[in-house]
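1. what's the 3D shape of this:
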Amino acid sequence: MSKIDELLKNEKVEWKKLGEVSNCFAGGTPNTTVKSYYDGDIPWIRSGEINFNVITKSERYITIEGLENSSAKLIRPNSVVLAMTGATVGRSGVVEFATACNQSIAAIESDEKIVNYKYLYYFISSKYNFIKNLGQGALTSLNLSIIKNLEIPIPSIETQEKIVKALDKFTNYVTELQAELQARTKQYEYYRDMLLSEEYLNKLSNNPEILGGGYSLKVTTLGEITKIKNGKDWKALGNGNIPVYGSGGKMNVFVDKYSYNKPTVLIPRKGSIDNVFYIEEPFWNVDTIFYTEIDDKKIIPKYLYYFIENYDMDKLSTDSTRPSLTQSILNKLRIDLPPIEIQNKIVEILDKFQSLLADTKGLLPKEIELRQKQYEYYREKLLSFDR
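-> Predicted structure coming up:
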């Protein structure tokens with residue numbers, strides 16, 4: 001007999017409606033035109049913050065005045081929240097701090113003598129598809145009546161706590177893996193930002209151990225060190241092995257001609273303008289993305305890639321509705337250029353970080369996916385009770 005079977009052996013379960021064992025209510029939104037209602041000390045969560053997670057902080061805050069002059073109510077710590085409308089409808093989460101919420105959220109404060117809040121969360125999250133399909137209307141919205149009538153199995157508190165302890169092990173491990181992935185990414189971004197900063201490059205220029213010291217940064221523009229080229233449609237080309245790139249990257253299209261066959265940086269013209277690419281292989285690019293013919297006597301192509309990846313390209317956008325770049329704007333982009341030897345050193349360091357990050361992104365997401373599936377399997381086993 002497995003540990004799970006042993007845990008649930010002879011366990012008596014009573015099915016109850018959620019409204020019988022918890023206090024369910026919706027939140028509210030203070031008048032958005034009254035400034036004194038916002039940026040206070042009271043956390044105020046919205047449905048977009050709910051994603052099968054333990055919510056540790058809110059994105060927005062309201063004042064006591066805003067709380068008192070709206071239908072918003074405080075949710076006690078250790079409660080479950082459930083999105084009732086919008087893109088996240090049916091998703092649930094846990095709040096372990098006192099907070100308010102808007103009207104698109106149902107707060108569920110369980111009777112702790114009957115239902116462990118974390119057990120309740122795990123059960124509700126396991127029924128996501130079922131709950132979502134209970135939604136009504138064009139927006140697939142839930143209401144408090146639907147939520148209060150949800151039936152949940154209630155074993156003893158001791159069994160609930162054992163189930164929570166078992167499932168917490170899986171979710172905590174997934175959380176740790178996700179945190180590790182974020183930490184590696186932030187570490188790379190920190191060193192990239194530092195190494196490419198004007199302050200750091202000037203500091204290097206005064207170090208006598210580097211190129212004898214005394215060199216100065218050259219202030220140049222993108223137009224002085226590259227030629228920015230437009231892309232073209234690929235549909236008239238024949239099939240081949242040359243990848244086609246758009247603003248989102250490779251398009252899963254391969255043709256028999258290339259636009260360019262030397263190291264280059266691709267810069268989107270429309271859409272995701274901060275989504276730059278470094279390419280060394282022959283390629284074809286469509287008209288939503290530029291390629292660059294780089295003067296490698298002045299700047300190392302990979303250095304240019306790191307510089308542009310680090311730059312806030314949104315500042316150069318000519319369209320507030322759909323991010324857009326033009327050649328004339330890009331040509332004026334200011335670059336502080338150190339000597340080639342320094343560029344090489346910086347590229348060498350950042351390449352190592354990129355390699356470590358690539359390994360992390362290759363391994364950790366697979367491990368996270370595996371652990372997530374393992375968690376869902378055991379959650380299903382632990383929360384399946386006969387009526």
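2. what about R76, distance to L337?
-> Counting by CB to CB, to the nearest Å, the gap between R76 and L337 amounts to 58 Å. In short, each C-beta sits where N, CA and C put it, glycine included.
3. neighbour-wise, which of these two wins?
-> Using other CB atoms under 10 Å, the more surrounded residue of R76 and L337 is L337, with 21 against 15.
4. Bridged to that one, which residues?
-> K218 (DSSP bridges).
5. Quick check: it vs Y291, distance?
-> Counting by CB to CB, the gap from L337 to Y291 is 20 Å.
6. cool, D256 as well?
-> 18 Å.
7. try R91
-> Using CB to CB, we find R91 at a distance of 41 Å from Y291.
8. The stretch 251-387 of the chain: strands as residue ranges?
-> Ranges of strands in the stretch 251-387 of the chain, per DSSP state E, counting those that start in this stretch, are 264-268, 277-279, 284-285, 289-294, 334-337.
9. And for the third one, what's in contact with it?
-> Where contact means CB atoms under 8 Å, 6 or more residues apart in numbering, the residues beyond strand 284-285 that reach it are 231-232, 234, 237, 242-246, 255, 257-260, 266, 291.
10. Which PyMOL command selects the buried ones in those residues?
-> The buried subset of those, as determined by 16 or more other CB atoms under 10 Å, is captured in PyMOL by this line:
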select buried, resi 231+234+237+242+243+244+245+246+255+258+259+260+266+291
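11. from the contacts of strand 284-285, which single one is nearest L382?
-> When the contacts of strand 284-285 are ranked by distance to L382 (CB to CB), G246 comes first, at 45.6 Å.
12. List the contacts of that closest one.
-> Going by CB under 8 Å, 6+ apart, the list of residues near G246 reads 285-286, 288-289.
13. What separation do you get for S22 and E109?
-> Separation of S22 from E109 (CB to CB): 6 Å.
14. Looking at these two, which is more packed in?
-> A direct count of neighbours by other CB under 10 Å for S22 and E109 places S22 higher, at 25 against 17.
15. Excluding residues flanking it in the chain, which one is nearest the more buried one?
-> Distances taken as CB to CB, 6 or more residues apart in numbering place S110 nearest to S22, at 4.4 Å, with adjacent residues excluded.
16. Counting neighbours, what do you get for that neighbour?
-> Using other CB under 10 Å, the number of residues around S110 comes to 22.
17. which ones are touching it?
-> By CB under 8 Å, 6+ apart, the contact set of S110 is 21-22, 79-80, 116-117, 120.
18. From these, list just the buried residues.
-> 21-22, 79-80, 116-117, 120.
19. pLDDT weak spots in the stretch 1-150 of the chain?
-> For the stretch 1-150 of the chain, the stretches flagged by pLDDT under 70 are 1-10, 138-139.
20. Can you show me the helices along it?
-> Secondary structure of the stretch 1-150 of the chain by DSSP state H, counting those that start in this stretch: the helices cover 3-8, 18-21, 64-68, 117-126, 128-132, 144-148.
21. Please convert those helices to CSV, extending it with distance to K373.
-> Below are these laid out as CSV (distance: least, CB to CB, whole Å):
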stretch, distance to K373
helix 3-8, 16
helix 18-21, 27
helix 64-68, 41
helix 117-126, 14
helix 128-132, 15
helix 144-148, 28
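22. how about these, which one is nearest Q103?
-> Comparing those by CB to CB, helix 144-148 comes nearest, at 10.6 Å.
23. So which elements touch the closest one?
-> Applying 3 or more CB pairs under 8 Å, 6 or more residues apart in numbering; DSSP states H and E, we find helix 144-148 packed against helix 18-21, strand 22-26, strand 105-110.
24. got the contact list for the helix or strand that that helix is followed by?
-> Downstream of helix 144-148, the next assigned helix or strand under DSSP states H and E is strand 151-154. Here strand 151-154 makes contact (CB under 8 Å, 6+ apart) with 13-18, 21, 114-115, 120, 123-124, 160, 383, 385.
25. at 6 Å instead, please
-> Here strand 151-154 makes contact (CB atoms under 6 Å, 6 or more residues apart in numbering) with 13-18, 123, 385.
26. I'd like those residues written out as CSV, with neighbour count added.
-> Listed next are those as CSV, based on neighbours: other CB atoms under 10 Å:
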residue, neighbour count
V13, 15
E14, 12
W15, 10
K16, 17
K17, 13
L18, 23
F123, 23
F385, 16
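27. so which of those residues comes closest to L142?
-> Nearest to L142 among these is L18, at 11.9 Å by CB to CB.
28. what residues are up against that closest one?
-> By CB under 6 Å, 6+ apart, the contact set of L18 is 148, 150, 152.
29. Kindly recompute the last result at 10 Å.
-> For L18, the contact set (CB atoms under 10 Å, 6 or more residues apart in numbering) comprises 24, 80, 82, 106, 108, 110, 115, 120, 123-124, 146-152.
30. Could you do F277 as well?
-> Residues near F277 by CB under 10 Å, 6+ apart: 245, 247, 249-250, 264-268, 283, 285, 289, 291, 305, 308-309.
31. In ChimeraX, select just the buried ones from those.
-> Applying 16+ other CB under 10 Å to the contacts of F277, the buried members can be selected in ChimeraX as follows:
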select :245,247,264,265,266,267,268,283,285,289,291,305,308,309
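32. quick one: which of the contacts of F277 is nearest A166?
-> G249 (40.6 Å).
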